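[1] return atomic coordinates for the entry below.
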Amino acid sequence: MNAIKELITEHEAVRMTLKILNRITGEIEKTANISHPKHLEQLFEFFSVFVDKCHHGKEEVLLFPALEAVGISREGGPIGVMLNEHQQGRDLVVKMKRALSQYLNKDAGSAQKLKGSADAYIALLNHHIDKENNVLFPMAIKHLSENKLAELKKGFDKIETDKIGTGKHEEFHRMLDILEGVYLKDS
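    Take a look at the predicted model:
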């Protein structure tokens, strides 16, 4: 699998977590309660570790500089937009974590705060993934050589080991399989 295909495959896992989060926020909307806080904590770990440190790390540390080196602009260009959206995502994850903590401390209205931040995160990431898959990644395939893509893949493997650790990727997939069974079994 080349570097770009790896990022696209990771997007599929991210989209599944967004569907799960959407189901959870649907329950919050109906009940004004969070019935499974542990599931949210697991998703937040996935967003912080897999999405941000690993996936966004691969893009920020390796892919984006490689694209800049072949003349794709950061400022006023697609890379700057992606970086801005990565930061927006980080900020929304912090807000969701804070709202869950407040909910667990019996703060009225915190479930709705969590839902609002979660809905914004879902919309942001779905739109972001569409832009990367349909605009940025085709640019990368067009402008980066096969050798550069192979070099990126090796760097991606190192980031995955260094940022999330051996076996953590598989652990996340097992967690996703369980949560998919709980929240998406009827879809």
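[2] low-confidence bits of this structure, can you list those?
    Applying pLDDT under 70 to the chain picks out residues 187.
[3] for the chain, just list every one of the helices.
    In the chain, the helices defined using DSSP state H lie at 3-31, 37-45, 57-58, 64-69, 78-104, 110-131, 137-143, 146-159, 168-183.
[4] who wins for proximity to V51 among these?
    Comparing the helices of the chain by their distance to V51 (Cβ to Cβ), the top pick is helix 3-31, with 5.8 Å. Every C-beta, even on glycine, is put in place using the N, C-alpha and C of the backbone.
[5] what residues sit buried inside the closest one?
    By neighbour count on 16 or more other Cβ atoms under 10 Å, the buried set for helix 3-31 is 3-4, 6-7, 10-11, 13-14, 16-21, 23-25, 27-28.
[6] next one: stretch 115-135
    115-122, 124-125, 128-129, 132.
[7] distance check, the closest residue to I4 other than its chain neighbours against F50.
    Of all residues not flanking I4 in the chain, F137 sits nearest, at 5.0 Å (Cβ to Cβ, 6 or more residues apart in numbering). Relative to F50, F137 is positioned 18 Å away (Cβ to Cβ, to the nearest Å).
[8] R98 too?
    20 Å.
[9] neighbour-wise, which of these two wins?
    Between R98 and F50, F50 has the larger neighbour count (other Cβ atoms under 10 Å), namely 25 against 15.
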